[in-house]
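> need the 3D shape of this:
(one chain, ligands or ions: 1)
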Amino acid sequence: MSQSSPRILITGASGQIGTELLKLLGLRYGPENVLAADIQPLLQDPNAVESPFEILDVTDAGRVEDLVRRRGVDTVYHLAAVLSASGEKDPLKAWNVNIQGTVNILEAARKAGPARVFIPSSIAAFGPETPRLRTPQETVLRPTTIYGVTKVAGELLAEYYVGRFGLDVRGCRFPGIISHETPPGGGTTDYAVAIFYEAVRTGRYVCFLREDSRLPMMYMPDCLKSITDLMAADFSRLRHHADFNIAAMSFTPAELAAEIRKHIPGFTVEYKPDFRQAIADSWPESIDDSAAREEWGWRPDYDLGAMTADMIGVLSRRRAEGRL
Ligand code: AKB
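Reported below is the predicted structural model:
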């Protein structure tokens with residue numbers, strides 16, 4: 001690799017987005033330039049991962065700073081977080097991991113770097129008082145989940161580090177992310193991944209949200225594209241930094257099931273809403289992403305039909321090979 005390759009750290013590298021971002025950035029910049037870190041070992045086959053890996057608890061400020069300094073990190077993708085449903089089971093843990101972890105990353109980036117930082121926010125930053133249709137970029141941020149509270153605070157912290165220290169911090173408000181490599185863990189939108197696995201495996205699914213719960217969603221290739229495109233944008237041209245609305249598609253469980261039925265005709269879904277329904281009810285149905293489109297050229301590639309066809313294709317092949 002050339003000398004100009006970035007020295008990257010990915011926290012939460014064992015997670016749904018981290019696993020795939022690790023692969024993509026490893027291919028782009030050389031696996032030796034991408035350090036994977038997580039509180040738990042990588043879930044995928046360790047032989048398939050050429051990047052170095054370190055166990056890291058992001059709440060440990062000393063370890064975070066040591067890692068950034070020792071490895072000469074100049075770019076951090078800070079993906080370690082406790083998501084919405086898990087957060088409601090242990091709010092203090094969510095606060096600690098999401099807020100202390102983010103402060104530690106920002107401080108290490110400032111003191112041991114300077115390192116550029118990507119920190120995802122979420123549609124969870126919005127709440128029941130936010131306009132639910134085409135939610136604007138600038139709007140009411142009064143979430144009712146602890147995860148949402150930490151996401152709003154994270155956005156504000158990021159903006160503070162940009163203004164106060166001139167640090168380069170960027171991020172998007174992600175919707176539910178759908179993918180087929182590593183399952184998500186502890187989110188409210190997780191149903192939209194689990195439904196595909198059960199459709200292919202058993203032809204049946206019990207959904208923990210109501211059939212008419214419309215939520216914003218995005219396919220993993222678009223999620224990865226949004227991260228790399230935002231990080232490639234000219235920082236001086238950005239008016240927003242770590243709070244970009246982005247959108248790709250919105251659907252209800254019933255609409256997703258109908259789309260899956262085009263590929264698996266006998267597929268059935270039973271609806272048994274649980275505590276996650278209240279979380280979904282507090283989030284928007286659709287998002288206005290015009291700031292991201294204007295400031296860094298955001299455009300999604302996948303809609304519901306294209307995403308569903310791809311998911312079913314990949315999982316069906318895996319099942320035929322006896323790997324699902
Ligand atoms: C969750 O459901 O908690 C996450 C999110 C929307 O941030 N997928």
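> please count neighbours and contacts with C-alpha atoms only from this point.
OK.
> which residues touch the helix or strand where residue 228 lies?
Residue 228 belongs to helix 220-232 when elements are defined using DSSP states H and E. Contacts to helix 220-232, defined as Cα atoms under 8 Å, 6 or more residues apart in numbering, come from residues 17, 20-21, 118, 170-172, 174, 177-179, 248, 296, 298, 300-302.
> residue contacts, the residue of the chain most remote from its centre?
In the chain, the residue that sits farthest from the middle, by Cα atoms, centre = their mean, is residue 266; the gap is 31.6 Å. Applying Cα under 8 Å, 6+ apart to residue 266 gives the contacts residue 203.
> per-residue pLDDT, it?
As predicted, residue 266 sits at a pLDDT of 96.
> what about it, which SS state?
Three-state call for residue 266 (DSSP: H, G, I helix; E, B strand; the rest coil): coil.
> same check on residue 194?
helix.
> contacting residues around it?
For residue 194, the contact set (Cα under 8 Å, 6+ apart) comprises residue 183.
> just so I have it, where are all the strands in this structure?
Per DSSP state E, the chain carries strands over the ranges 8-11, 34-38, 53-55, 75-78, 116-118, 121-122, 169-170, 172-174, 176-178, 204-207, 215-219, 244-245, 249-251, 268-271.
> for the fifth one, name the packing helices and strands.
Contact partners of strand 116-118 among helices and strands, from 3 or more Cα pairs under 8 Å, 6 or more residues apart in numbering; DSSP states H and E: strand 75-78, helix 101-111, strand 169-170.
> before we move on, what about the third one?
For strand 53-55, the helices and strands in contact under the criterion 3+ Cα pairs under 8 Å, 6+ apart are strand 34-38.
> show me what the strand it packs on is in contact with.
By Cα under 8 Å, 6+ apart, strand 34-38 touches 7-14, 22, 25-26, 51-57, 80.
> check whether the longest helix along the chain contacts the ligand.
Longest helix in the chain by number of residues, with DSSP state H as the criterion: helix 146-165. No - against the ligand, helix 146-165 shows no contacts by Cα under 6 Å from any ligand atom, the least distance being 7.4 Å.
> distance from that helix to the middle of the chain?
16 Å (Cα atoms, centre = their mean, to the nearest Å).
> list the buried residues for that helix?
146-155, 157-159, 161-162 (16 or more other Cα atoms under 10 Å).
> how close does the closest residue to residue 277 other than its chain neighbours get to residue 215?
Nearest residue to residue 277, sequence neighbours excluded (Cα to Cα, 6 or more residues apart in numbering): residue 209, at 5.3 Å. Residue 209 sits 11 Å away from residue 215, taking Cα to Cα, to the nearest Å as the criterion.
> joint contacts of the two?
Shared contacts of residue 209 and residue 215, defined by Cα under 8 Å, 6+ apart, are found at residue 280.
> span of stretch 76-88 from start to end?
27 Å.
> stretch 118-132 too?
First residue to last in stretch 118-132 (Cα to Cα) measures 26 Å.
> run through who's touching that stretch.
75-79, 84, 139-145, 147-149, 151-152, 154-155, 169-175, 227, 231, 242-243, 281-286.
> buried residues, it. List them.
118-128, 130-132.
> rewinding a little: dump the strands of the chain into JSON lines; add distance to the ligand as well.
Converted to JSON lines, the strands of the chain look like this (distance: least, Cα to the nearest ligand atom, whole Å):
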{"stretch": "strand 8-11", "distance to the ligand": "16"}
{"stretch": "strand 34-38", "distance to the ligand": "18"}
{"stretch": "strand 53-55", "distance to the ligand": "23"}
{"stretch": "strand 75-78", "distance to the ligand": "14"}
{"stretch": "strand 116-118", "distance to the ligand": "15"}
{"stretch": "strand 121-122", "distance to the ligand": "4"}
{"stretch": "strand 169-170", "distance to the ligand": "16"}
{"stretch": "strand 172-174", "distance to the ligand": "6"}
{"stretch": "strand 176-178", "distance to the ligand": "4"}
{"stretch": "strand 204-207", "distance to the ligand": "14"}
{"stretch": "strand 215-219", "distance to the ligand": "8"}
{"stretch": "strand 244-245", "distance to the ligand": "12"}
{"stretch": "strand 249-251", "distance to the ligand": "12"}
{"stretch": "strand 268-271", "distance to the ligand": "18"}
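> spell out which residues of the chain are next to the ligand.
Counting by Cα under 6 Å from any ligand atom, the chain comes close to the ligand at 83-84, 122-124, 174-176, 187-189.
> just those residues now: which is nearest residue 236?
residue 174 (22.7 Å; Cα to Cα).
> re the thing from before, can you say which of the contacts of helix 220-232 are buried?
Buried members of the contacts of helix 220-232, scored by 16+ other Cα under 10 Å, are 17, 20-21, 118, 170-172, 174, 177-179, 248, 296, 298, 300, 302.
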